[in-house]
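Asker: Quick one: sequence and predicted model below, then my questions.
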Amino acid sequence: MYFIETRGNDGKKPKKVTFSEAILNPSASYGGLYVPEKLPNIDEKFLQRHLTSHYKELAFDLLRLFSIDIDEELIKEALNLYDKFDDPANPIPVVKVEENLFIAELYHGPTRAFKDMALQPFGYILSSLAKARGENYLILAATSGDTGPATLETFKNRENVKVACIYPAGGTSDVQRLQMVTEDGENLKVIGIEGDFDDAQSALKSLLASEKFHAILQEKGIKLSAANSVNFGRIIFQIIYHIHSYLELVRRKEITFGDTINLIVPSGNFGNALGGYYAKKMGLPIKKILIASNANNVLTELINEGRYDLRNKHLIKTSSPAMDILKSSNVERVLFDKFGAQRTKELMDSLNDKGYYKLNEDELAALQEDFAADFSNDDEVKAIIKEYALEKTYLMDPHTATTIKLFKRYAADKNVAYSTAEWTKFAPTVLEALEGGEKKSDLEALQIISEKLGVAIPQRIAELFHKRIVHTTVVPKEKIEEEILKFL
Ligand SMILES: N[C@@H](CCOP(=O)(O)O)C(=O)O
């Protein structure tokens, strides 16, 4: 299968590339993204076959449907990394929380957030390709808290790759920050910036698109790639778990083949939601993808009103920092799929130049065929955490809590909501939700919640508080490139 560009081709880059080319060099013409030329189909036979199979087999067959140019043995080795998850027999438990609400817990990997689901195998494949080709890569990552730790974990001490991870100083939870600044691999550099996630991601995108930066790296014998979901290598692994969720409901006889379900997705950069959209397009019986946001509600406005409007908006720091994003990358792939390259370029140019775009009526209707959306503010999030912990004995983190408003609206349907991070990454907010009062430190809050509710703190989270801080760099956003070059 080949991959093409969301904003069309500039005549300088190849018109289509293979999967390996798309993941090693994810920068497409005009600042666009790579997408599959044609999505493969999954039919009932495919689903039936995987009713009794392991997640790794489902993943392997799904990747095969895309006919990617990666050696099958390498894919199998990469998928074996799911054996490190809490339950090697099932990396994603799906918990029935109440009638029609199933929570798919995507956080049982090493860094306790859904990013491990894709970054564990993707990091292995990318670094193995680099080594096999005898090439050296700089991998950029911009993070609002979860992608960073998962990227550092997957690439740590891997040969032929160096990682520069950019995070907004003060814009993540303390556990997320510690997960990054205590990572001690020789090939890793963590850079805090005086700015927000959008600044970090804009820097990443302009470095990816910069011929000058590529040339400087070339002189050093280094090529450039990225670990964020701008890289299709991330997205392909984010399609699989939606199929797994559906199969889980069939296995438990909650639905039969052909019944439709909703997916409720806490959304920031839209990679998870895009994975669900692709699964739907490929034939998975999904009724709607419900997009849950926090107070940074650009996606709610887009899906409900058809306008993506950044004018007069500034990023708000919320209790769900991984979703503190205004410039959401993967909406572009949906625009391309629905309206084609020319219109996508028009819309994205308008967003970049004027700070907004507006869909016409037909376009909005097309978007609403697949998506609905709502957002929750921090008070609503805290109330949900408390309600579910105390009344339904289900402990959830603030990102997961944003899905519940949508569940309540669609409670007559079967819904799979995604839990994208473990509560342990946001313990002070969770404790504040449960008990009110002054915000406690992460360590204190973790201990109190663990004792009171009898829930375990994973060792890797507990030991963060005793690890040496390795990365102390914090720079103005204008100095990101300089800092990266100092590290190489
Ligand atoms: N929510 C992310 C932001 C980056 O998203 P990605 O899917 O493009 O990696 C984070 O937690 O870092």
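Answerer: Thanks, I have the structure now.

Asker: from the chain's centre, how far out does stretch 395-406 sit?
Answerer: Relative to the chain's own centre, stretch 395-406 is displaced by 16 Å; criterion: Cα atoms, centre = their mean, to the nearest Å.

Asker: Equivalent analysis for stretch 80-95, please.
Answerer: The answer for stretch 80-95 is 18 Å, by Cα atoms, centre = their mean.

Asker: Show me what counts as buried in it.
Answerer: Buried residues in stretch 80-95, defined by neighbour count with 16 or more other Cβ atoms under 10 Å: 81-82, 85, 91-94. Where C-beta positions appear, they are placed from N, C-alpha and C, glycine not excepted.

Asker: Stretch 282-297 now?
Answerer: 282-284, 286-297.

Asker: Now Leu488: closest residue in space that isn't a chain neighbour?
Answerer: Distances taken as Cβ to Cβ, 6 or more residues apart in numbering place Lys220 nearest to Leu488, at 5.9 Å, with adjacent residues excluded.

Asker: Could you report the distance from that neighbour to the ligand?
Answerer: 25 Å (Cβ to the nearest ligand atom, to the nearest Å).

Asker: and the spatially most central residue of the chain, what are its phi and psi?
Answerer: The centroid of the chain falls nearest to Gly271 when counting by Cα atoms, centre = their mean (5.0 Å). Backbone torsions of Gly271, given as degrees, to the nearest 10, read phi -70, psi -40.

Asker: How about the contacts made by Lys354?
Answerer: Taking Cβ atoms under 8 Å, 6 or more residues apart in numbering, we find Lys354 in contact with Arg311.

Asker: Cross-check the contact I'm expecting between Cys330 and Gly271.
Answerer: Quick fix: residue 330 reads Asn, not Cys. Yes. Between Asn330 and Gly271 there is a contact under Cβ atoms under 8 Å: 5.2 Å.

Asker: before we move on, back to that, distance of the residue nearest to Leu488 from Glu186?
Answerer: 17 Å (Cβ to Cβ, to the nearest Å).

Asker: Do you know the pLDDT at Tyr357?
Answerer: Per-residue confidence (pLDDT) for Tyr357: 98.

Asker: With the one 3 residues further on instead?
Answerer: For Asn360, the model assigns a pLDDT of 98.

Asker: can you tell me how far it sits from the ligand?
Answerer: 28 Å.

Asker: Can we start the residue count at 30 from this point?
Answerer: Got it, first residue is 30 now, which makes that one Asn389.

Asker: give me the number of residues near that residue?
Answerer: Asn389 has 11 neighbours, counted by other Cβ atoms under 10 Å.

Asker: Now it: closest residue in space, sequence neighbours ignored.
Answerer: In space, Asn389 is closest to Gly335, 7.7 Å off (Cβ to Cβ, 6+ apart).

Asker: In contact with that neighbour, which residues?
Answerer: Taking Cβ under 8 Å, 6+ apart as the test, what Gly335 contacts is 387-390, 392-393, 396.

Asker: Would you mind stating the distance between it and Pro120?
Answerer: If you go by Cβ to Cβ, the gap between Gly335 and Pro120 works out to 37 Å.

Asker: And for Phe131?
Answerer: For Phe131 relative to Pro120 (Cβ to Cβ), the value is 16 Å.

Asker: cool, Glu127 as well?
Answerer: Using Cβ to Cβ, one gets 24 Å for the distance from Glu127 to Pro120.

Asker: now swap in Glu510 and tell me
Answerer: 37 Å.

Asker: Kindly report the same for Val363.
Answerer: 27 Å.

Asker: Thr449 now?
Answerer: With Cβ to Cβ as the criterion, Thr449 and Pro120 are 14 Å apart.

Asker: first to last residue in stretch 118-130, what's the distance?
Answerer: 23 Å (Cα to Cα, to the nearest Å).

Asker: Centre of the chain to it, how far?
Answerer: On Cα atoms, centre = their mean, the centre of stretch 118-130 falls 20 Å from that of its chain.

Asker: so which helix or strand takes in His243?
Answerer: helix 240-248 (DSSP states H and E).

Asker: Let me see the mean pLDDT of that helix.
Answerer: pLDDT averaged over helix 240-248 gives 98.

Asker: Show me what counts as buried in it.
Answerer: Quick answer for helix 240-248 (16+ other Cβ under 10 Å): 242-243, 246.
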